[in-house]
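Here is my input; please provide its structure:
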Amino acid sequence: MKSIKKYFIFLRLLFVNRESFKTYSQQILNECVLIGVNSIVIVVIVSTFIGAVTAIQTAYNLVTPLIPDATIGLIVRDMTILELAPTITAIVFAGKVGSSIAGELGTMKTTEQIDALEVMGVNAVSYLVLPKIVATLLMYPLLVIIAGSLSIYGGFLAGTLLGLVSPEDYVYGLRMDFKPFTVCFAIYKSLAFGFLISSISSYHGFYTSGGALEVGRASTTAVTKSCIAVLAADYLLVQLFF
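Numbering: from 1, shown residues only. Next up, the predicted model:
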């Protein structure tokens, strides 16, 4: 309970005694490259194979001719948009970006760089953390859109190349009973997950104390708690919107 209270105090400090927008603009652009662009490769690989595996396993379980082959495309679409793209990508994102954020801030804390900023009268929380959170909110939804598109395409490749479903049936399944709200819901989830991962990782990195060993522990704790928070938020959002 004490940690949760300290976390919310940490979030409040993001908006106290902020620097000018011009100061943050270049930092946000740099963080967008580090957080978003540098994560594209792993997102592409994971999402493509997830879509392929989903299509294969769905086809394997369609053991009755009463279910049309187009169902494969429908299931891949709904599972990708509603769950796999935002949530699985969040787990990968937490492992790559979350640990990086916690490690960077933890190193700055243990080498007293953060203390030096505070001595100069700079709000270190806002100056260092706010650009990371803003960059994550900008880039993570884009990564989810890329992941969703490639996952569906991965399912298409696996299903058609292995002869599990014809291209026409797969595309028909993608269009079958499509609800545009599911895409909006995936974006809502990506914003929530991105905020949780960036803020929790920053919190654990910022309050690291000790040496290199503690930096490693802070990174591990940040990833673990970010994943737990993402799964809890996933459940709450599903309950709220559905």
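
remind me which residues of this structure are low pLDDT?
Scanning the chain for pLDDT under 70 picks out 1, 63.

So which other helices or strands are in contact with the longest helix seen in it?
Across the chain, the longest stretch assigned as helix under DSSP state H is helix 130-161. Helix 130-161 makes packing contacts with helix 21-35, helix 40-61, helix 70-79, helix 89-93, helix 167-175, helix 181-206 when contacts are defined by 3 or more C-beta pairs under 8 Å, 6 or more residues apart in numbering; DSSP states H and E. All C-beta spots, glycine's among them, are computed from the backbone N, C-alpha and C.

Quick one: distance of the fifth one to the chain centre.
On the basis of C-alpha atoms, centre = their mean, to the nearest Å, helix 167-175 sits 28 Å off its chain's mean C-alpha point.

ok, the residue nearest to the spatial centre of the chain - contacts?
Taking C-alpha atoms, centre = their mean as the criterion, residue 90 is the residue nearest the geometric centre of the chain, at 3.1 Å. By C-beta atoms under 8 Å, 6 or more residues apart in numbering, residue 90 lies in contact with 140, 190, 193, 194, 197, 227, 230.

Apply 7 Å and report the result again.
Residue 90 is in contact with 193, 197, 230, counting by C-beta atoms under 7 Å, 6 or more residues apart in numbering.

Count the residues that sit near the second one.
This means residue 197. Using other C-beta atoms under 10 Å, the number of residues around residue 197 comes to 29.

Next: residue 72.
28.

Repeat that for residue 88.
17.

Buried residues of the longest helix of the chain, list them for me.
If you call a residue buried by 16 or more other C-beta atoms under 10 Å, then helix 130-161 has these buried ones: 130-136, 138-141, 143-148, 150-156, 158-160.

before we move on, the earlier item: rebuild the helices and strands packed on helix 130-161 as TSV, extending it with distance to residue 8.
What follows is the helices and strands packed on helix 130-161, written out as TSV (distance: least, C-beta to C-beta, whole Å):
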stretch	distance to residue 8
helix 21-35	22
helix 40-61	30
helix 70-79	34
helix 89-93	21
helix 167-175	42
helix 181-206	10
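
just so I know, which of the ones you listed lies nearest residue 4?
Ranking the helices and strands packed on helix 130-161 by their distance to residue 4 (criterion: C-beta to C-beta) puts helix 181-206 first, at 10.4 Å.

and the end-to-end length of stretch 102-117?
Stretch 102-117 has an end-to-end distance of 18 Å (C-alpha to C-alpha, to the nearest Å).

just to confirm, which helix or strand has the residue lying closest to residue 196 once chain neighbours are set aside in it?
Excluding the flanking residues, the one nearest residue 196 by C-beta to C-beta, 6 or more residues apart in numbering is residue 229, at 4.6 Å. Taking DSSP states H and E as the definition, one finds residue 229 inside helix 212-241.
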